[in-house]
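Enquirer: only the shape, not the letters, is given here:
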């Protein structure tokens, strides 16, 4: 049986000893630091693709945006094919993952225009990056690891971009077997020039390319830190968009300080969800059927519905209402419920809450209290993404 020891035989460790505690198991000694990984070491949020608040499938995509899995932005350039994005349940066997991201080509483009590109990127908040000590003599290298799958074998590229200072470093990797999950590990050196800015805006991103035009492939791949030149960002990249039904699939993305990739850091579902909700929160009938209490300011104008977010968001968000107006249901004292006559609006928007305003399609009494319900297709998307 292993026992915990201090700095001397039979000594109970004191607080001063905590930094040098070890386990003793007869002849074998191992320091705690060599066997226990740092918690929250993964800079990437939702790297296991398990959270998809906006939906699990989006079709006919030819523009940039957040469509399915949280925190992951699809870049579709200006016309490299048309795509379907999905949160897939196809994952590497026996690795603990439940979901992956999958992009499938539905309209092919075998000859991309020079400015075309398709990528999956994650924008990273500056407050999450300063620990890498970028811009100092002690700049940390980072290890990037992920599982990837495609029916198109060949060379793929990934770009680690410093948006604060317009710098980047890139790497290539090879998918060797089609339709087979493969694990890849890449190490990027630390950058001793130009520090990240400590704030709540984008300081950089990690981007996985799966097709690009000559603007991105005509140079020499930037395998060391340099001023960003897009011609050096995707050199040698295969074009997954060359044929219909080609696909690119990825999960288990981890970016951490150091030169060695550790096992993927699985977080509890609720923790992962809350980290995603700093950037986006979707209210619908699944989680907020009874949305809030409010009151009739006039016989038809409803206000005072304070929506409090599950966590403080990155910044004051954009509020978007979708669905049928009448499915934003308004209760009325002493009579039947009614619906909103138009989609609601928002005021007093802050990173922690906002006030919902609505117009009832039927009258009530000014000053009476009411309750707002979300029915059927009524959805509120609260977005503070980077």
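Expert: Perfect, I can see it now. Quick caveat, the model's predicted, so the values are computed rather than measured.

Enquirer: any idea how this protein splits into domains?
Expert: 3-35, 57-277, 280-383 (automatic domain parsing).

Enquirer: hang on, residue 271 in a helix?
Expert: Yes: according to DSSP: H, G, I helix; E, B strand; the rest coil, residue 271 belongs to a helix.

Enquirer: tally of neighbours for it?
Expert: The tally of other residues near residue 271 (other C-beta atoms under 10 Å) stands at 11. Where C-beta positions appear, they are placed from N, C-alpha and C, glycine not excepted.

Enquirer: just the one 5 residues further on next, same as before
Expert: By the criterion of other C-beta under 10 Å, residue 276 has 21 neighbours.

Enquirer: now swap in the one 10 residues further on and tell me
Expert: For residue 286, the count of nearby residues is 10 (other C-beta under 10 Å).

Enquirer: how much space separates it from residue 293?
Expert: Distance, residue 286 to residue 293, using C-beta to C-beta, to the nearest Å: 20 Å.

Enquirer: contacts only, for the closest residue to residue 371 other than its chain neighbours.
Expert: Spatial nearest neighbour of residue 371, chain neighbours left out: residue 331 (4.5 Å); criterion: C-beta to C-beta, 6 or more residues apart in numbering. Residue 331 sits next to 337, 370, 371, 373 when contact means C-beta atoms under 8 Å, 6 or more residues apart in numbering.

Enquirer: likewise for residue 285?
Expert: Taking C-beta under 8 Å, 6+ apart, one finds 374, 375, 376, 378 in contact with residue 285.

Enquirer: same thing but 10 Å
Expert: The contact partners of residue 285, by C-beta atoms under 10 Å, 6 or more residues apart in numbering, come to 291, 323, 327, 373, 374, 375, 376, 377, 378, 379.

Enquirer: returning to that earlier point: deepest-packed of the domains of the chain, please.
Expert: domain 57-277 (a mean of 19; mean count of other C-beta atoms under 10 Å).

Enquirer: setting aside sequence neighbours, what's the nearest residue to residue 55?
Expert: Using C-beta to C-beta, 6+ apart, the closest residue to residue 55 is residue 68 (6.0 Å).

Enquirer: I meant residue 60, not that one.
Expert: residue 82 (6.0 Å).

Enquirer: return the residues in contact with that neighbour.
Expert: 59, 60, 61, 62, 76, 105, 106, 107, 108, 109, 241, 244.

Enquirer: quick one: strands adjacent to the helix or strand harbouring residue 122?
Expert: Assessed by DSSP states H and E, residue 122 sits inside strand 117-125. Sheet neighbours of strand 117-125, with direction, are listed as strand 73-75 (antiparallel), strand 202-212 (antiparallel) (DSSP bridges).

Enquirer: redo the contacts of residue 285 as CSV? Include secondary structure and pLDDT.
Expert: Compiled in CSV, these are given as follows (DSSP: H, G, I helix; E, B strand; the rest coil; pLDDT from 0 to 100):
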residue, secondary structure, pLDDT
291, strand, 92
323, coil, 98
327, helix, 97
373, strand, 95
374, strand, 96
375, coil, 96
376, coil, 96
377, coil, 97
378, coil, 97
379, strand, 97
